[in-house]
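J.: Provide a 3D model corresponding to the input given below.
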Amino acid sequence: MDVGAKHSDVYAFWGEPIAAIKQRIAEVKAAAPPGKSFGFSVSLRPILAETEDKAWEKANYILSKVKEKRAKAGIQLPTGVSARPQAVGSRRLLDFAQESEIHDKRLWTPIAAATGAYGNTTALVGTPEQVAEALVDYYDAGVTTLLIRGFDPVEDALAYGRDVIPLVRKEVQRREQQTATVA
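T.: Predicted structure coming up:
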């Protein structure tokens, strides 16, 4: 973290619970040289549907497909402490997955658990409005960039652009205007 705090302009996270993101942001800022400013990015994989129940059905379907593809390919997760991934971010995701399948309002971790957390594997599950609300929670925690990608790249990108991003932008703009008015 010290290297990132000293030499980077943007510190990137995978999708973690809000409290963990806030803590890491505080740690990075504390490790940074005086006066250094940062952007903070979080990477998540939203799973959307028109109702919350349908979104959870879709999430569980995606998880079953991930497990099925891994089984067909003969990919098994290593076992034991020594087999944990070397990447600190992956280890953090696995720890969060072991704590709970769902964190905060809708941060879902079973895909991270199923894949060994090798990459961006946590999801926000819900309707576009619910996912937008969860993304704004990351903004409130100090995140300046939201990186979202889906499990169906083209269809998800279209849905995010049409249904989620405008809601997030509108709410962030409203909050920034409210803050400017108070100042």
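
J.: only C-alpha atoms from now on, for both contacts and neighbour counts.
T.: Will do.

J.: so which elements touch the longest helix seen in the chain?
T.: Identified as the longest helix of the chain according to DSSP state H is helix 52-72. Under the contact criterion of 3 or more Cα pairs under 8 Å, 6 or more residues apart in numbering; DSSP states H and E, helix 52-72 touches strand 47-48, helix 110-115, strand 123-126.

J.: now do the last one, average pLDDT.
T.: What that stands for is strand 123-126. What strand 123-126 shows for mean pLDDT is 98.

J.: restricting to C-alpha, output that strand in PDB.
T.: Extracted C-alpha coordinates of strand 123-126, given in PDB (Å, rounded to 0.1, in the frame of the first residue of the first chain):
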ATOM      1  CA  ALA A 123     -21.400  -8.400  -7.700                       C
ATOM      2  CA  LEU A 124     -24.100  -6.000  -6.900                       C
ATOM      3  CA  VAL A 125     -27.500  -7.700  -7.300                       C
ATOM      4  CA  GLY A 126     -30.800  -6.000  -7.800                       C
END
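
J.: would you mind listing the buried residues in stretch 138-155?
T.: Buried positions in stretch 138-155, judged by neighbour count with 16 or more other Cα atoms under 10 Å: 138, 139, 141, 142, 143, 145, 146, 148, 149, 150.

J.: pretty sure residue 58 sits against residue 50.
T.: No - between residue 58 and residue 50 there is no contact under Cα atoms under 8 Å: 10.8 Å.

J.: circling back: of all the helices and strands packed on helix 52-72, which one is nearest residue 97?
T.: Among these, the nearest to residue 97 by Cα to Cα is helix 110-115 (5.8 Å).

J.: just checking the distance from the closest one to the centre of its chain.
T.: Centre-to-centre, helix 110-115 and its host chain are 13 Å apart (Cα atoms, centre = their mean, to the nearest Å).
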